[in-house]
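[1] Any chance you could fold what I've pasted below:
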Amino acid sequence: MDFAGVLAICEAVLPLFGAPAWSAWRRFCLVLAGTEATALGHDARAWHSLMTVQEDMERQRVNHDWYCRMLLEAALTDLWLARGDLAQAQSQAERLLHATLATAERTWQALAWDATARVALAAGDLAQAHTCLAQALVTMEDVEVPLAAWRVHATAAALYERTGKSGEADHHRALSRATILQLAQSLPAAEPLEH
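    All right, here's what the predicted structure looks like:
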């Protein structure tokens, strides 16, 4: 969640990767920059970064595109949500889910289910949001996926809060908080981000 830090790193290293469409690291960095720009409310910058990667992927496939594709689809889902275009966000979330289910990557699968739940929640489709969150929770069973868990539980808390189930909301909020604290405590003590 250190959005400014990620943008600073990406802006510093992007010139080192050059401009060829076949640079996997360039794509990865542009997707991260687009993700962070969305989080900071810089939609135009996010759009430019993400569309550059999408166009590069359409022109030339490179090693690790399968992984970068998941990052790209997630970033575009968040961008469409931020813009309030729920139809595009739903379509993008479906592409994200399709991409993740083709892998054994449980963190990304849980994040994809969470994205579809967040889109459904934004659209007011609480039944669909519940179904997607149930899938996210099943995906996380018996595996340690803290990068997904805190988000899935935060979305579940929002859903249960909205449906008036404050006990369930409190439970998921506590699980999200505990996971965030676990992640923070994994950082070096001198790391400002820990706080």
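
[2] Now for L137: which residues touch it?
    L137 makes contacts with 152, 156, as judged by C-beta atoms under 8 Å, 6 or more residues apart in numbering. Where you see a C-beta, it was placed from the backbone N, CA and C, and this is true even at glycine.

[3] Could I get the full set of helices for the chain?
    Along the chain, the segments classed as helices by DSSP state H run 3-17, 24-39, 43-59, 65-83, 86-101, 106-123, 126-140, 146-162, 166-185.

[4] helices or strands up against the fourth one?
    For helix 65-83, the packing partners by 3 or more C-beta pairs under 8 Å, 6 or more residues apart in numbering; DSSP states H and E come out as helix 24-39, helix 43-59, helix 86-101, helix 106-123.

[5] in the second one, what counts as buried?
    In other words, helix 43-59. 45-47, 49-50, 52-54, 56-57 (16 or more other C-beta atoms under 10 Å).

[6] Which two among these are spaced furthest apart?
    R45 and M57 (19.2 Å; C-beta to C-beta).

[7] Excluding chain neighbours, what is closest to the residue sitting nearest the centre point of the chain?
    Central residue of the chain (C-alpha atoms, centre = their mean): A74, 4.8 Å from the mean position. In space, and not counting its chain neighbours, A74 is closest to L96: 5.5 Å by C-beta to C-beta, 6 or more residues apart in numbering.

[8] Can you give me the domain assignment for this structure?
    1-83, 107-187 (automatic domain parsing).

[9] ok, of these, where does mean pLDDT dip lowest?
    Of all the domains of the chain, the minimum mean pLDDT falls on domain 1-83 (a mean of 86).

[10] Touching stretch 172-183 from outside, list them.
    146-147, 149-151, 153-154, 156-157, 160.

[11] Quick check: of the residues you listed, which lies closest to I9?
    L147 (18.0 Å).

[12] Alright, that wraps it up for me.
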